[in-house]
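Student: give me a 3D structure for the following:
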Amino acid sequence: MTRPAVIFGGASPEHDVSILTGLQAARALADAGRSPLCLYWSRSGEWFEVDASSEGRDFADGVPRKARPLRLVAGPGGGFVAEGGALRREKPLEFRAAVVCCHGAPGEDGTLQAALDLAGVAYTGPDVASAALGMDKLAFAGVARAAGLPVLDREAAVAEDGWAPSFPGPYIVKPRFGGSSIGIATAADAAAVRALLRSGVHLRAGAVVEPYRAHSIDLEIAVRTHPALQLSAISRPERSGTPGEIYTYQQKYVGGQGMVGAPRVLDPDLPGATAKEVREAAAAVAVLARLRGVARVDFLLDGEELWLNEVNTIPGSLSKHLWTDRPFVELLNGMLEEAVHRPTTHWTTAGADGSALRSAGTIASKLG
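Tutor: Numbering: from 1, shown residues only. Model (predicted):
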């Protein structure tokens, strides 16, 4: 059973981008003769098997025609099950491991990962803890700062608290639990921040606020962890518009090919030891966040000052555009191999031998 699967979609603002990433992965595996199963997670949370030759436009109006309904079953012997008709029994889908291509919650925050763990499905990318850490911008910044990595000031903010700054503006406001681009805005002062918190649909679950460095540039590097830690080329995404404009969702993804089509400069000329600092920090993040699969680490550079921004544990197009020295299918095959040989679950019942139960007495006695 060497056939792989590809999982994409989900009830996320990044649903559409996830479809593009998933179809790219499926097409690369199909062209290599691996006949992948394509498992589509709809906006409403339902599961379907779809054709690996599907195009993005087939999903523009919802579930593609001829999609086959599936269920994800937790527990021993679970997994993805094809729904049976009136005279047919349900049949489990057989595949060795799944490439997870979901961006944003609930596919990149640990929710999907926990469900796959309970169902006994081997999968690529972050495990539950790593996914949750990567999706929480405040928690990730705290872990990075504690490890001595350079991070800008970052505070939690919710509309009900009437946020007041502890550092001067202008500010950039981001969804605490969102992706790297959606819902991000700048604010000149604290009043503008509070207005964004009240009105921003993507900020309702909480936000983080940090200083806005208008003259900074973005840098990114991809990390893979199997069979050993490897780093990609460094990229400088090219922002369009006026100087100081943030790197937007439209610039990243609305170009026909996802992240692959976004303008960038590979291996840019960087001041001093910046390239070395980027690589060292990215390697440190791989250990801190216990990364699996292919992740992307983002930085900000202002002059010669470098700050770690965030980690994307399931990046757009799986950051295939940053690995200029190898074909996409090689990355995918490595991720699938890691999914099988580096499991996400390490549960044990050692110590649960019944002794505490036998000596516990009655439940009534413990209630006082």
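Student: following element in sequence after the helix or strand of the chain with the lowest mean pLDDT, please.
Tutor: Taking mean pLDDT, DSSP states H and E as the measure, the chain has helix 249-253 as its least confident helix or strand, at a mean of 52. Stepping forward along the backbone from helix 249-253, the first helix or strand reached (DSSP states H and E) is strand 264-266.
Student: how about the helix or strand following that next one: buried residues?
Tutor: Scanning forward in sequence from strand 264-266, with DSSP H and E defining helices and strands, the next element found is helix 274-288. The neighbour-count criterion (16 or more other C-beta atoms under 10 Å) identifies Thr274, Ala275, Glu277, Val278, Arg279, Ala281, Ala282, Ala283, Ala284, Val285, Ala286, Leu288 as the buried residues of helix 274-288. For every residue, glycine as well, the C-beta is placed using N, CA and C.
Student: which residues sit in contact with the first one?
Tutor: So the one you mean is Thr274. For Thr274, the set of contacting residues under the criterion of C-beta atoms under 8 Å, 6 or more residues apart in numbering consists of Leu219, Leu301, Glu304, Leu306.
Student: tell me the secondary structure at the second one.
Tutor: Three-state secondary structure (criterion: DSSP: H, G, I helix; E, B strand; the rest coil) places Leu301 in strand.
Student: mind putting the buried residues of helix 274-288 into a markdown table with distance to Asp136 and pLDDT?
Tutor: Below are the buried residues of helix 274-288 laid out as a markdown table (distance: C-beta to C-beta, whole Å; pLDDT from 0 to 100):
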| residue | distance to Asp136 | pLDDT |
| --- | --- | --- |
| Thr274 | 27 | 96 |
| Ala275 | 28 | 97 |
| Glu277 | 24 | 97 |
| Val278 | 23 | 98 |
| Arg279 | 25 | 98 |
| Ala281 | 19 | 98 |
| Ala282 | 19 | 98 |
| Ala283 | 21 | 98 |
| Ala284 | 18 | 98 |
| Val285 | 14 | 98 |
| Ala286 | 18 | 97 |
| Leu288 | 13 | 96 |
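Student: with distance to Ala122 added, can I get the residues you listed in CSV?
Tutor: Below are these laid out as CSV (distance: C-beta to C-beta, whole Å):
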residue, distance to Ala122
Thr274, 38
Ala275, 35
Glu277, 35
Val278, 32
Arg279, 30
Ala281, 30
Ala282, 26
Ala283, 26
Ala284, 27
Val285, 24
Ala286, 21
Leu288, 24
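Student: closest to Glu337 among these?
Tutor: Nearest to Glu337 among these is Ala286, at 17.5 Å by C-beta to C-beta.
Student: surely that closest one and Val223 touch.
Tutor: Yes: Ala286 lies in contact with Val223 (C-beta atoms under 8 Å); the separation is 4.9 Å.
Student: break the protein into its domains for me.
Tutor: Structurally, the chain divides into domains by automatic domain parsing as follows: 5-123, 126-150+216-326, 153-212.
Student: out of those, nearest to His341?
Tutor: Taking C-beta to C-beta, domain 126-150+216-326 is the member of these nearest to His341, at 7.8 Å.
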